[in-house]
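Chemist: here you go, sequence then predicted model.
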There are 4 protein chains.
Amino acid sequence: MSPTTPPGDRPLRADARQNVEQILQVAQDVFADLGYQASIAEVARRSGLGMGTIYRHFPNKTALVESIAIKVMRESLAQVQRALSEEPGSWTAFTRVLRHMVRLRSGQLFPVSRGRATEPGPELSSIRTELLAALEDLVARTQQAGVLRDDVNAFDVVLMLNSIPPRLTDTEDGSPTADLADRYTGVLLDGLRAPGSEALAQPAPGRREIDQFFRTVHGL
Amino acid sequence: MSPTTPPGDRPLRADARQNVEQILQVAQDVFADLGYQASIAEVARRSGLGMGTIYRHFPNKTALVESIAIKVMRESLAQVQRALSEEPGSWTAFTRVLRHMVRLRSGQLFPVSRGRATEPGPELSSIRTELLAALEDLVARTQQAGVLRDDVNAFDVVLMLNSIPPRLTDTEDGSPTADLADRYTGVLLDGLRAPGSEALAQPAPGRREIDQFFRTVHGL
Amino acid sequence: MSPTTPPGDRPLRADARQNVEQILQVAQDVFADLGYQASIAEVARRSGLGMGTIYRHFPNKTALVESIAIKVMRESLAQVQRALSEEPGSWTAFTRVLRHMVRLRSGQLFPVSRGRATEPGPELSSIRTELLAALEDLVARTQQAGVLRDDVNAFDVVLMLNSIPPRLTDTEDGSPTADLADRYTGVLLDGLRAPGSEALAQPAPGRREIDQFFRTVHGL
Amino acid sequence: MSPTTPPGDRPLRADARQNVEQILQVAQDVFADLGYQASIAEVARRSGLGMGTIYRHFPNKTALVESIAIKVMRESLAQVQRALSEEPGSWTAFTRVLRHMVRLRSGQLFPVSRGRATEPGPELSSIRTELLAALEDLVARTQQAGVLRDDVNAFDVVLMLNSIPPRLTDTEDGSPTADLADRYTGVLLDGLRAPGSEALAQPAPGRREIDQFFRTVHGL
DNA sequence: TATGAATGAGGTTTCATTCAT
DNA sequence: AATGAATGAAACCTCATTCAT
């Protein structure tokens, strides 16, 4: 499903590779603006490419969306791993990771868009698993250090992070719109800090819930 | 745009009124399950009605979605007003309102689904304005009481509330899936409680941002 | 896959049923004229219906083609059964059946159009099996009567019959074009008559060959 | 339209000429396997060449298909001429020609695939005319010798020959599938042999019918 | 010259909306 | 008033053809 590795396994031509990057970038913006239901034609228009070019690199819309998710998750994983190796357990590290992950998505990833998602490809599956495992590690260490409340787990964090909306789209008159994700993340982090006073009534989510979540969200 | 007031302004027959209620209920479920892109045919199927009947009561899909939003907002407004009259300023009141509002949406309202929304009708506009005004009142009072952090405003609250995802849809084997909105709300409330320690970098959102938000979310 | 029995198993409205008949008829003509690659839009145009109407009755192009094949096979089967009950074994009966079958297709069924066909639905599968069994019966009886050459079997007959081309399409100036299928059938019948003098070198086809044939022909 | 004569009329380089041969061969196989709707990309893939190379030698798909037809017809013409010069009028000669012609196509030429064909190029037109004239000669002589039934003509023979289907494509497990064209040809020849007993009802086809046929068959 | 990436028209399919029954 | 069949615009996707490398 990886767009950058065609059947023949020959490396892409320089310009083609650049096109792939651009398509991913533009598509992320388009989905952020218009939701998953945005048309491929719109992605083509904004990227100045023909629709055929997009389909040459991504066999279908699902694959394009998956590739965006994979890219974001890969970068997120790198952040988590860096935090684990540099300052394991510190609140600063935890904070930095979450802010990074939000920023990766903010204004860029399509908003969480429900709808029966199709079965994820193997690449997406595996990066998901890796990212979850790393986050579990991060959460455990931060809790051991006593700075993260004990009644949340890695699944909670994923679910909450994913609910932070991306940047509001720019207004038509060209003036930029505030990116509220940062404010939101600040509040969320304060809410996650130990000890926490509001009771978290429901049982913490498990793999079952996370799987269910992935099944109902496009491209994650 | 109001579905309950036909052209002739004659009150609906009992069964017709019942149909309207049922359509709204079913549609809310359908959109929650399948996202905004769910088809009207699916709403018809689940409600056991013909598509024509739905179009008799709602001139188009947008109007149906708006009607759901209006219903939810009306109920939310009632909650806020009750809190303002019974325990103005108390953390308990603030908490109760937010939990109520989340529950109104949770598992029921369609997930926040982006896409250039059409201009809202007058009824939706006015209920939005009323609800925002009441929330501003509530936020101000709670801040005056010193229990809500000072660096957030009513717009923040609306935006954050709306990002809480609805209940995960039921699994295929019929077993229910946990509703995580309550956990999420708990964390959010702890984050909102005074004094707050994480800096909220961006400037607080204003009417401009909230309008922008409404413009990009289906049916809010 | 049967177009006339919608999911709800409720009978179609009279006009809808008539539309189904007409679509089948027109589609048969269109495919005969232009081959399997004819567009659904062309079928819609010639039948004066919208494309959506065709898709309401046939979930996709394959289903439409299958329905045509099923209809033709059903009628063919009836012919074979009649021959078996009225004049089993006679050359006249054999001849009549083959001429009927050719006429059912002639100028009407799409030409045998190669291309990896999709898996047939259960209805097509079963009518195929029935028709083949009945033909085997007919061939055997006719051979026992000594009027059909012994070195051919029912599969041969199916394959040869299917190769007879449909009527040449009408010319543009409106003058009709000769239907050569009848001439062709005459020659073929003479070739099939016992005893036969040309050696038939290859082994007679079996179920394997017939299955292979069906797999590579659209809609049969 | 001839691929072997580039604009500058300079002879092709050796490797280029070899490419042309190979493209023709592969294309014939591909069309036999997948029908006329097979893509040029598939031809490129199987021949190990780039699509650009194919388009360098054949201006478009139609030209490629025509070139195949021309090649087959040229070889057929050679057969007919040889028969005319060696054993004019004998059943053996007639038989040998027909079997040769079938074999030229069998498993190699694309199946007769209907669809409004484009106007044939001059080269195809002229080879068609030549081949038809030679066949008329052959048919007349064989009829004069009293071994070919009198009520068929050269057009009949062309039409019947062209309806013999090509070899069934190979199965997926690699085992070859029987080529039934030989059996079929045998039956056809017996049917064509004088005197013939089945009445051939329709009038024999004329140039008009054959032209019409050519107009509706890809690449003949 | 050969390659395969890019293009975009056209085909299949879906679904909001209209309208005959 | 209710139904669901019909419509057609718009989405996804393919592939003949062009063209930069």
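Modeler: Yes, it's here. Numbers count the residues shown, from 1 in each chain, chains lettered A, B, ... in the order given.
Chemist: what's the longest helix in chain A?
Modeler: Using DSSP state H, we find that the single longest helix of chain A is helix A:61-86.
Chemist: that one near DNA strand F anywhere?
Modeler: Yes: for a cut-off given as Cβ under 7 Å from any atom of the strand, helix A:61-86 has contacts with DNA strand F, namely A:61-62. To be clear about C-beta, it is placed using only N, CA and C from the backbone, and glycine gets the same treatment.
Chemist: quick one: low-confidence parts of chain A?
Modeler: A:1-13, A:106-117, A:166-178, A:220 (pLDDT under 70).
Chemist: if I pick A:M51, what's in contact with it?
Modeler: A:M51 makes contact with A:40-41, A:44, according to Cβ atoms under 8 Å, 6 or more residues apart in numbering or on different chains.
Chemist: where along chain A do the helices fall?
Modeler: Counting by DSSP H, the helices of chain A are A:14-34, A:40-47, A:51-57, A:61-86, A:91-105, A:122-144, A:154-163, A:181-192, A:207-215.
Chemist: out of those, deepest packed?
Modeler: Most buried of those by mean neighbour count (mean count of other Cβ atoms under 10 Å in any protein chain shown) is helix A:181-192; its value is a mean of 23.
Chemist: save the helices of chain A as CSV, and put in distance to B:A32 too.
Modeler: Formatted as CSV, the helices of chain A follow (distance: least, Cβ to Cβ, whole Å):
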stretch, distance to B:A32
helix A:14-34, 21
helix A:40-47, 26
helix A:51-57, 31
helix A:61-86, 21
helix A:91-105, 23
helix A:122-144, 24
helix A:154-163, 15
helix A:181-192, 23
helix A:207-215, 14
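Chemist: quick one, phi psi at the residue in chain A that chain C sits nearest to?
Modeler: Distances between chain A and chain C by Cβ to the nearest Cβ are smallest at A:N60, namely 17.1 Å. Taking degrees, to the nearest 10, you get phi -160, psi 180 for the backbone angles of A:N60.
Chemist: ok, how many other residues are close to A:V147?
Modeler: By other Cβ atoms under 10 Å in any protein chain shown, 19 other residues sit near A:V147.
Chemist: before we move on, what about A:V152?
Modeler: 24.
Chemist: that one: what's it in contact with?
Modeler: A:V152 neighbours (Cβ under 8 Å, 6+ apart): A:139, A:192, A:200, A:204, B:183, B:187.
Chemist: switch the cut-off to 10 Å
Modeler: A:139, A:143, A:159-160, A:191-192, A:194, A:196, A:200, A:204-205, B:183-184, B:186-187 (Cβ atoms under 10 Å, 6 or more residues apart in numbering or on different chains).
Chemist: residues in contact with the residue of chain A closest to chain C?
Modeler: A:40, A:54, A:66, A:118.
Chemist: just give the number of residues close to the last one.
Modeler: Around A:T118 sit 15 other residues, with neighbours defined as other Cβ under 10 Å.
Chemist: how much space separates it from A:K61?
Modeler: 10 Å (Cβ to Cβ, to the nearest Å).
Chemist: between those two, what contacts are shared?
Modeler: A:218-219.
Chemist: thinking again about what came up before, nearest to A:F155, of the contacts of A:N60?
Modeler: Using Cβ to Cβ, A:E66 comes nearest to A:F155 of the contacts of A:N60, at 21.0 Å.
Chemist: so that closest one makes contact with A:F31?
Modeler: No: at 12.0 Å, A:E66 and A:F31 do not qualify as touching, with contact defined as Cβ atoms under 10 Å.
Chemist: a markdown table for the contacts of A:N60, including distance to C:A83?
Modeler: A markdown table is the format used below for the contacts of A:N60 (distance: Cβ to Cβ, whole Å):
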| residue | distance to C:A83 |
| --- | --- |
| A:I40 | 56 |
| A:I54 | 58 |
| A:E66 | 58 |
| A:T118 | 51 |
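Chemist: tell me who's in contact with the closest residue to chain B within chain A.
Modeler: Across chain A, the shortest distance to chain B (Cβ to the nearest Cβ) belongs to A:G191, at 3.0 Å. Contacts for A:G191 (Cβ under 10 Å, 6+ apart) come out as A:149, A:152, A:160, A:197-198, B:184-193, B:196, B:198.
Chemist: rerun that using 8 Å as the cut-off
Modeler: Applying Cβ under 8 Å, 6+ apart, the residues near A:G191 are A:198, B:186-192.
Chemist: with A:I23 instead?
Modeler: Neighbours of A:I23 in contact, by Cβ under 8 Å, 6+ apart: A:43, A:47, A:49, A:53-54, A:57-58, A:64.
Chemist: nearest to D:V97, of those residues?
Modeler: Nearest to D:V97 among the contacts of A:I23, with distances taken as Cβ to Cβ, is A:T53, at 51.4 Å.
Chemist: so that closest one makes contact with A:V26?
Modeler: No: counting by Cβ atoms under 8 Å, A:T53 sits too far from A:V26 to count as a contact (11.5 Å).
Chemist: against A:R46, how distant is whichever residue of chain A sits closest to DNA strand E?
Modeler: Here chain A gets closest to DNA strand E at one residue, A:G52, 2.0 Å apart by Cβ to the nearest atom of the strand. Per Cβ to Cβ, A:G52 is found 16 Å from A:R46.
Chemist: what parts of chain A come near DNA strand F?
Modeler: A:13-15, A:38-41, A:51-52, A:55-56, A:59-62.
Chemist: repeat that for 6 Å
Modeler: A:15, A:39-41, A:51-52, A:55, A:60-61 (Cβ under 6 Å from any atom of the strand).
Chemist: quick check: the farthest pair among those?
Modeler: Based on Cβ to Cβ, the longest span within these runs between A:D15 and A:S39 and measures 24.6 Å.
Chemist: tell me the one of the contacts of A:V152 nearest B:R105?
Modeler: Scanning these for proximity to B:R105, where the rule is Cβ to Cβ, the winner is B:Y184, at 11.8 Å.
Chemist: excluding chain neighbours, what is closest to that closest one?
Modeler: Excluding the flanking residues, the one nearest B:Y184 by Cβ to Cβ, 6 or more residues apart in numbering or on different chains is B:I164, at 5.2 Å.
Chemist: give me the neighbour count for the one you found.
Modeler: B:I164: 21 neighbours (other Cβ under 10 Å).
Chemist: how about it, what does it touch?
Modeler: With Cβ under 8 Å, 6+ apart, B:I164 has these contacts: A:163, B:102, B:105-106, B:181, B:184-185, B:188.
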